[in-house]
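In: Just a sequence and a predicted model for now, questions to come.
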Amino acid sequence: ISSNTLKYFNLNYNRISYVNNFTFFMLPRLTGLAVIGNRFTTIWNRSFFASNLYLDRLDLSDNMWRCDCKDDNMFDFYEFVTLEPSKKEESYNLICNSPFTNIGQTWLEACYFTWNPTEKTANLDNIAWFCIVMIIGLSLCIVLVNGIRRSMKRRLAAIQADRERQVEEARDRLRQLRIQAEQEALCNTPDPRDLIAPPSYDE
(Lines give C-alpha, C1' and ligand atoms only; values in the text may rest on other atoms or scores of the structure.)
Protein backbone atom coordinates (compact mmCIF):
# COMPACT_ATOMS: atom_id res chain seq x y z
CA ILE A 1 0.00 0.00 0.00
CA SER A 2 1.48 3.33 -1.03
CA SER A 3 0.06 6.85 -1.01
CA ASN A 4 1.48 10.28 -0.24
CA THR A 5 -1.96 11.82 0.27
CA LEU A 6 -4.08 9.20 2.05
CA LYS A 7 -5.03 10.45 5.50
CA TYR A 8 -7.78 8.11 6.70
CA PHE A 9 -7.69 4.42 5.90
CA ASN A 10 -10.87 2.42 6.57
CA LEU A 11 -10.33 -1.34 6.73
CA ASN A 12 -13.32 -2.17 8.90
CA TYR A 13 -14.88 -5.67 8.65
CA ASN A 14 -12.48 -7.12 6.09
CA ARG A 15 -11.47 -10.29 7.98
CA ILE A 16 -7.86 -9.11 8.08
CA SER A 17 -5.72 -11.01 10.57
CA TYR A 18 -2.16 -9.83 9.96
CA VAL A 19 -0.13 -6.66 9.47
CA ASN A 20 3.58 -5.95 9.86
CA ASN A 21 6.17 -3.18 9.82
CA PHE A 22 5.74 -2.63 6.09
CA THR A 23 1.94 -2.60 5.86
CA PHE A 24 1.58 1.16 6.50
CA PHE A 25 5.17 2.13 5.82
CA MET A 26 4.33 3.92 2.58
CA LEU A 27 1.53 6.06 4.04
CA PRO A 28 3.45 9.04 5.45
CA ARG A 29 0.38 11.32 5.67
CA LEU A 30 -1.83 8.82 7.45
CA THR A 31 -3.71 10.38 10.38
CA GLY A 32 -6.39 7.76 11.02
CA LEU A 33 -6.72 4.01 10.66
CA ALA A 34 -9.84 1.91 11.28
CA VAL A 35 -9.65 -1.86 11.57
CA ILE A 36 -12.86 -2.52 13.51
CA GLY A 37 -14.38 -5.99 13.25
CA ASN A 38 -11.40 -7.82 11.80
CA ARG A 39 -9.64 -10.96 13.04
CA PHE A 40 -6.49 -9.66 14.67
CA THR A 41 -5.33 -11.79 17.60
CA THR A 42 -1.67 -10.85 18.07
CA ILE A 43 -1.10 -7.49 19.73
CA TRP A 44 0.47 -5.02 17.32
CA ASN A 45 3.82 -3.31 17.74
CA ARG A 46 4.30 0.43 17.81
CA SER A 47 7.04 -0.03 15.17
CA PHE A 48 4.25 -0.69 12.64
CA PHE A 49 3.67 3.08 12.65
CA ALA A 50 7.25 4.30 12.79
CA SER A 51 6.80 6.24 9.54
CA ASN A 52 3.28 7.52 10.27
CA LEU A 53 4.25 10.65 12.14
CA TYR A 54 0.81 12.27 11.84
CA LEU A 55 -1.19 9.30 13.10
CA ASP A 56 -3.59 10.41 15.84
CA ARG A 57 -6.44 7.93 15.57
CA LEU A 58 -6.63 4.12 15.68
CA ASP A 59 -9.95 2.29 15.75
CA LEU A 60 -9.09 -1.18 17.08
CA SER A 61 -12.31 -2.42 18.65
CA ASP A 62 -14.15 -5.67 17.95
CA ASN A 63 -11.08 -7.75 17.20
CA MET A 64 -10.00 -11.08 18.68
CA TRP A 65 -7.07 -9.85 20.75
CA ARG A 66 -5.16 -12.44 22.74
CA CYS A 67 -4.10 -10.81 26.00
CA ASP A 68 -0.72 -12.04 27.21
CA CYS A 69 -0.20 -9.65 30.09
CA LYS A 70 3.40 -10.77 30.61
CA ASP A 71 4.29 -9.75 27.07
CA ASP A 72 6.18 -6.45 27.31
CA ASN A 73 5.03 -5.54 23.81
CA MET A 74 1.38 -5.58 24.89
CA PHE A 75 2.03 -3.02 27.60
CA ASP A 76 4.19 -0.95 25.27
CA PHE A 77 1.53 -0.88 22.55
CA TYR A 78 -1.21 -0.14 25.11
CA GLU A 79 0.70 2.93 26.24
CA PHE A 80 1.38 3.96 22.64
CA VAL A 81 -2.34 3.81 21.85
CA THR A 82 -3.97 5.19 25.02
CA LEU A 83 -1.61 7.57 26.80
CA GLU A 84 -1.95 11.32 26.47
CA PRO A 85 -0.99 13.55 24.78
CA SER A 86 -0.73 11.24 21.74
CA LYS A 87 -3.82 9.20 22.58
CA LYS A 88 -5.20 7.33 19.57
CA GLU A 89 -7.85 5.00 21.00
CA GLU A 90 -10.06 4.69 24.08
CA SER A 91 -8.89 1.98 26.45
CA TYR A 92 -12.43 0.63 26.85
CA ASN A 93 -12.42 -0.34 23.15
CA LEU A 94 -9.51 -2.73 23.64
CA ILE A 95 -11.21 -6.00 24.65
CA CYS A 96 -9.59 -9.39 25.25
CA ASN A 97 -10.97 -12.37 23.38
CA SER A 98 -8.57 -14.90 24.91
CA PRO A 99 -7.40 -16.58 27.09
CA PHE A 100 -10.64 -17.82 28.60
CA THR A 101 -10.09 -16.12 31.96
CA ASN A 102 -9.85 -12.70 30.28
CA ILE A 103 -12.68 -12.90 27.76
CA GLY A 104 -14.73 -9.72 27.74
CA GLN A 105 -12.30 -7.75 29.90
CA THR A 106 -10.49 -4.67 28.71
CA TRP A 107 -6.73 -4.91 28.37
CA LEU A 108 -6.35 -2.79 31.47
CA GLU A 109 -8.79 -4.85 33.55
CA ALA A 110 -7.09 -8.10 32.53
CA CYS A 111 -3.53 -6.92 33.04
CA TYR A 112 -3.76 -4.23 35.71
CA PHE A 113 -2.02 -6.14 38.51
CA THR A 114 0.57 -7.59 36.13
CA TRP A 115 1.44 -4.13 34.86
CA ASN A 116 1.21 -2.60 38.34
CA PRO A 117 2.58 -5.25 40.76
CA THR A 118 3.06 -2.71 43.56
CA GLU A 119 -0.66 -2.00 43.41
CA LYS A 120 -1.37 -5.68 43.94
CA THR A 121 1.00 -5.79 46.89
CA ALA A 122 -0.55 -2.67 48.32
CA ASN A 123 -4.00 -4.12 47.76
CA LEU A 124 -3.03 -7.35 49.55
CA ASP A 125 -1.54 -5.30 52.38
CA ASN A 126 -4.77 -3.31 52.62
CA ILE A 127 -6.79 -6.52 52.76
CA ALA A 128 -4.49 -7.92 55.47
CA TRP A 129 -4.77 -4.74 57.55
CA PHE A 130 -8.52 -4.71 57.03
CA CYS A 131 -8.74 -8.30 58.31
CA ILE A 132 -6.56 -7.46 61.32
CA VAL A 133 -8.67 -4.40 62.14
CA MET A 134 -11.86 -6.43 61.74
CA ILE A 135 -10.53 -9.16 64.07
CA ILE A 136 -9.48 -6.60 66.66
CA GLY A 137 -12.83 -4.82 66.33
CA LEU A 138 -14.77 -8.06 66.73
CA SER A 139 -12.64 -9.00 69.74
CA LEU A 140 -13.31 -5.64 71.35
CA CYS A 141 -17.03 -6.00 70.65
CA ILE A 142 -17.05 -9.46 72.25
CA VAL A 143 -15.19 -8.15 75.31
CA LEU A 144 -17.57 -5.20 75.52
CA VAL A 145 -20.67 -7.39 75.22
CA ASN A 146 -19.35 -9.81 77.85
CA GLY A 147 -18.55 -6.88 80.14
CA ILE A 148 -22.06 -5.49 79.72
CA ARG A 149 -23.54 -8.93 80.42
CA ARG A 150 -21.49 -9.34 83.60
CA SER A 151 -22.41 -5.83 84.69
CA MET A 152 -26.12 -6.56 84.11
CA LYS A 153 -25.85 -9.86 86.01
CA ARG A 154 -24.21 -8.07 88.95
CA ARG A 155 -26.86 -5.39 88.89
CA LEU A 156 -29.69 -7.93 88.74
CA ALA A 157 -28.05 -9.89 91.58
CA ALA A 158 -27.77 -6.70 93.63
CA ILE A 159 -31.43 -5.85 92.95
CA GLN A 160 -32.47 -9.40 93.90
CA ALA A 161 -30.38 -9.27 97.09
CA ASP A 162 -31.84 -5.87 98.00
CA ARG A 163 -35.35 -7.19 97.38
CA GLU A 164 -34.70 -10.25 99.54
CA ARG A 165 -33.26 -8.01 102.28
CA GLN A 166 -36.34 -5.82 102.18
CA VAL A 167 -38.60 -8.89 102.40
CA GLU A 168 -36.59 -10.22 105.36
CA GLU A 169 -36.76 -6.83 107.08
CA ALA A 170 -40.52 -6.73 106.55
CA ARG A 171 -40.82 -10.20 108.05
CA ASP A 172 -38.71 -9.12 111.02
CA ARG A 173 -40.92 -6.06 111.59
CA LEU A 174 -44.04 -8.21 111.41
CA ARG A 175 -42.50 -10.69 113.84
CA GLN A 176 -41.55 -7.90 116.24
CA LEU A 177 -45.02 -6.35 115.98
CA ARG A 178 -46.60 -9.72 116.70
CA ILE A 179 -44.38 -10.26 119.74
CA GLN A 180 -45.06 -6.73 120.91
CA ALA A 181 -48.80 -7.29 120.53
CA GLU A 182 -48.61 -10.55 122.47
CA GLN A 183 -46.65 -8.84 125.24
CA GLU A 184 -49.15 -6.00 125.44
CA ALA A 185 -51.97 -8.51 125.55
CA LEU A 186 -50.32 -10.29 128.47
CA CYS A 187 -49.77 -7.02 130.28
CA ASN A 188 -53.38 -6.00 129.86
CA THR A 189 -54.81 -9.30 131.09
CA PRO A 190 -56.42 -8.71 134.60
CA ASP A 191 -55.18 -10.61 137.65
CA PRO A 192 -57.57 -13.48 138.40
CA ARG A 193 -57.57 -12.42 142.05
CA ASP A 194 -58.96 -9.09 141.06
CA LEU A 195 -61.91 -10.88 139.52
CA ILE A 196 -62.94 -12.42 142.93
CA ALA A 197 -65.36 -10.20 144.84
CA PRO A 198 -64.50 -9.36 148.48
CA PRO A 199 -66.43 -11.29 151.20
CA SER A 200 -69.73 -9.85 152.31
CA TYR A 201 -70.68 -9.00 155.95
CA ASP A 202 -72.76 -12.10 156.18
CA GLU A 203 -69.80 -14.24 155.27
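Out: Perfect, I can see it now.

In: Show me how the record splits this protein into domains.
Out: Split into domains by automatic domain parsing, the chain comes to 8-115, 118-188.

In: Might you calculate how far the shortest one sits from the centre of the chain?
Out: So the one you mean is domain 118-188. 36 Å (Cα atoms, centre = their mean, to the nearest Å).

In: mind listing the helices for this structure?
Out: 72-82, 107-115, 117-188 (DSSP state H).

In: Format those as TSV; extra columns: distance to residue 53.
Out: Every residue, glycine included, has its C-beta placed from N, CA and C. Converted to TSV, the helices of the chain look like this (distance: least, Cβ to Cβ, whole Å):
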stretch	distance to residue 53
helix 72-82	13
helix 107-115	25
helix 117-188	34
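
In: what residue ranges in the protein score low on pLDDT?
Out: For the chain, applying pLDDT under 70 flags the ranges 119-125, 188-203.

In: thought residue 32 was touching residue 8?
Out: Yes. Residue 32 lies in contact with residue 8 (Cβ atoms under 8 Å); the separation is 4.2 Å.

In: Between those two, which contacts overlap?
Out: residue 57 (Cβ atoms under 8 Å, 6 or more residues apart in numbering).

In: Same drill for the two, tell me which one is more crowded.
Out: Taking neighbours as other Cβ atoms under 10 Å, residue 32 and residue 8 compare with residue 32 leading, 17 against 11.

In: show me what contacts that one?
Out: Contacts of residue 32 (Cβ under 8 Å, 6+ apart): 7, 8, 9, 55, 56, 57, 58, 59.

In: which residue sits closest to the fifth one in space, ignoring its chain neighbours?
Out: In this structure, residue 56 finds its nearest non-sequential neighbour in residue 31, 5.6 Å apart by Cβ to Cβ, 6 or more residues apart in numbering.

In: show me the contacts for that neighbour.
Out: Counted by Cβ under 8 Å, 6+ apart, residue 31 has contacts 7, 8, 54, 55, 56, 57.

In: Can you tell me which of these are buried?
Out: residue 55 (16 or more other Cβ atoms under 10 Å).

In: Can you add distance to residue 25 and give the contacts of residue 31 back as a markdown table?
Out: A markdown table is the format used below for the contacts of residue 31 (distance: Cβ to Cβ, whole Å):
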| residue | distance to residue 25 |
| --- | --- |
| 7 | 16 |
| 8 | 17 |
| 54 | 14 |
| 55 | 12 |
| 56 | 18 |
| 57 | 18 |
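
In: Please name the nearest non-neighbouring residue to residue 10.
Out: residue 34 is the one closest to residue 10 (Cβ to Cβ, 6+ apart), at 4.8 Å.

In: tally of neighbours for the closest residue to residue 82 other than its chain neighbours?
Out: The shortest distance from residue 82 to any non-neighbouring residue, by Cβ to Cβ, 6+ apart, is to residue 91 (4.7 Å). Neighbour count of residue 91, defined by other Cβ under 10 Å: 14.

In: mind listing what residue 91 touches?
Out: Residue 91 neighbours (Cβ under 8 Å, 6+ apart): 78, 82, 106, 107, 108.

In: Buried among these? Need that as a selection in ChimeraX.
Out: The buried subset of the contacts of residue 91, as determined by 16+ other Cβ under 10 Å, is captured in ChimeraX by this line:
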select :78,82,106,107
